[in-house]
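>>> Quick one, fold the following:
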Amino acid sequence: MKKKIIFLLSAFILFSCSNIKPITLDDEFEIEKPYTLTLIATGDNLFHETIIKTFKQGETYNFESIYSEVKDLIQNADIAFINQETVMAGEKFGYSGYPTFNTPQTLAQTLADTGFDIVNQANNHAMDMGKAGLLATLDLWETIEGITVLGARKSGDHHKIITKNNITLGFLSYAHSLNGIPLPADSPNLVSMNNKNKMAQEIDALRPLCDFLIVSMHWGDEYELVEPVKSQKDLAAFLAEHNVDLIIGHHPHVLQRVEKLPRPDGKETLCFYSLGNFVSNQIEKERILGALMLVTFTKDTNAQTLSISDSGLIPVVCHFEQDYTNTKAYPLYSYNEELLEKHLLRRRDKNLNLAFFNSVVVRLDTKVIMQYPF
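Below you'll find the model as predicted:
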């Protein structure tokens, strides 16, 4: 009888405690996870006249489908940056492509809906429609909720500060050229230009105000594949001397390698020399391959440790077909031979294949992300 009572008592204790969570070290000392923030960035969003013509729908322009294959990538990053290579001055300036660009204003809302938060306007085409055209573009951006514009302004500070996930990012942006068009005498600060003295002052003033300092650079020589030119490397070293955390490079219209440069404070500057084209209708095979930069910033809860904990490139192919129709950006990991067979460039060059794209990205000296990262 005693054995039966003991068995029943043991069974009661066993089953009545089965749903009780065991006490662990984490219950007594809650482990605080570090803060993280992901930043994604693209290269040149360069709208040629063929893109404008093929996306006209009646009296308006709808560019949404161009970004449908990368929209999830853009939206799932905490912050997304784009170099908007062309102004959007309005119909009265006349829509145009190369050499002086003016893109329909519906693109602005499309970029915001795609998930972009930061738009760079400091590039060599910023003054294509003159001062009035750039001011009209800035007026447009002011109507789009959630957009921060870099590199061009009507007035105010050159830098921008964004805080998210308890991490503060400071941004500056500079262009190397305005294609020979001078800045207006009454608006010398309309576009931020490469000037080391001024850059040093602005960077040094911003450095204490943010956890991570990011500089967008429109620089270099066009079409220099993989290897940056001396002027880029010299400027990258200059930015590293001023303890910049991250450099986002664009303008060459082709991909260039990634480099880490030593800093006086003992850390490193991560430099993406060129992200290539994001969207364009340029017809050379090197220029239809670009990339999304993906960087993760990490900050411990006591703000004692700040680091770029992960980084890499997601290669992107700009697809367009016969008569420049169906322009669309695809991550390389979802692009295939069936799509490539339809590409306008494949029709001109049967030797264009996926192996060519892979041969470029392996030379970039960084992690290449070949699957959906989120």
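
>>> Look up which helix or strand the closest residue to Glu69 other than its chain neighbours falls in, please.
Counting by C-beta to C-beta, 6 or more residues apart in numbering, Tyr330 is the residue found nearest to Glu69 once chain neighbours are left out, at 4.8 Å. To be clear about C-beta, it is placed using only N, CA and C from the backbone, and glycine gets the same treatment. Tyr330 is located in strand 328-331, with elements delineated by DSSP states H and E.

>>> Can you list the buried residues in the helix or strand following that strand?
As assigned by DSSP H and E, the chain's next helix or strand after strand 328-331 is helix 337-342. Judged by neighbour count using 16 or more other C-beta atoms under 10 Å, the buried positions of helix 337-342 are 339-340.

>>> Just the CA coordinates for helix 337-342, please, in CSV.
Extracted C-alpha coordinates of helix 337-342, given in CSV (Å, rounded to 0.1, in the frame of the first residue of the first chain):
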residue,chain,number,x,y,z
GLU,A,337,19.4,32.3,-68.2
GLU,A,338,15.7,32.6,-69.3
LEU,A,339,15.6,36.2,-68.4
LEU,A,340,19.1,36.9,-69.8
GLU,A,341,18.1,35.4,-73.1
LYS,A,342,15.5,38.2,-73.4
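
>>> For that helix, which helices and strands make contact with it?
Contacting helix 337-342 under the criterion 3 or more C-beta pairs under 8 Å, 6 or more residues apart in numbering; DSSP states H and E is no other helix or strand.

>>> Now tell me what touches it from outside.
With C-beta atoms under 8 Å, 6 or more residues apart in numbering as the test, helix 337-342 has contacts from 319, 321-322, 326, 330, 346, 352-354.

>>> And for stretch 109-120?
Residues outside stretch 109-120 that contact it (C-beta under 8 Å, 6+ apart) are 45, 62-64, 66-67, 70-71, 74-77, 79-84, 141, 144-151, 160, 162, 171, 173, 216, 218, 250.

>>> Three-state assignment for the closest residue to Leu275 other than its chain neighbours, please.
Among residues not flanking Leu275 along the chain, Gly43 sits closest, at 3.3 Å (C-beta to C-beta, 6+ apart). Three-state call for Gly43 (DSSP: H, G, I helix; E, B strand; the rest coil): strand.

>>> For the top strand by length along the chain, what is the distance to the chain centroid?
Longest strand in the chain, counting residues (DSSP state E): strand 306-319. In this view, strand 306-319 has its centroid 9 Å away from the chain centroid, taken as C-alpha atoms, centre = their mean, to the nearest Å.

>>> go on, stretch 339-348?
Relative to its chain's centre, stretch 339-348 lies at 27 Å (C-alpha atoms, centre = their mean).

>>> Write a PyMOL command that selects only the buried members of the contacts of stretch 109-120.
Restricted to buried positions by 16+ other C-beta under 10 Å, the PyMOL selection for those reads:
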select buried, resi 45+63+66+67+70+74+77+79+80+81+82+83+84+141+144+147+148+149+150+151+160+162+171+173+216+218+250
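
>>> Give me the subset of the contacts of stretch 109-120 lying in helices.
71, 74-76, 141 (DSSP state H).

>>> Spell out which two among those are the most distant pair, please.
Asn76 and Trp141 (23.2 Å; C-beta to C-beta).

>>> Show me which of the contacts of helix 337-342 are buried.
Buried members of those, scored by 16+ other C-beta under 10 Å, are 319, 321, 326, 330, 346, 352.
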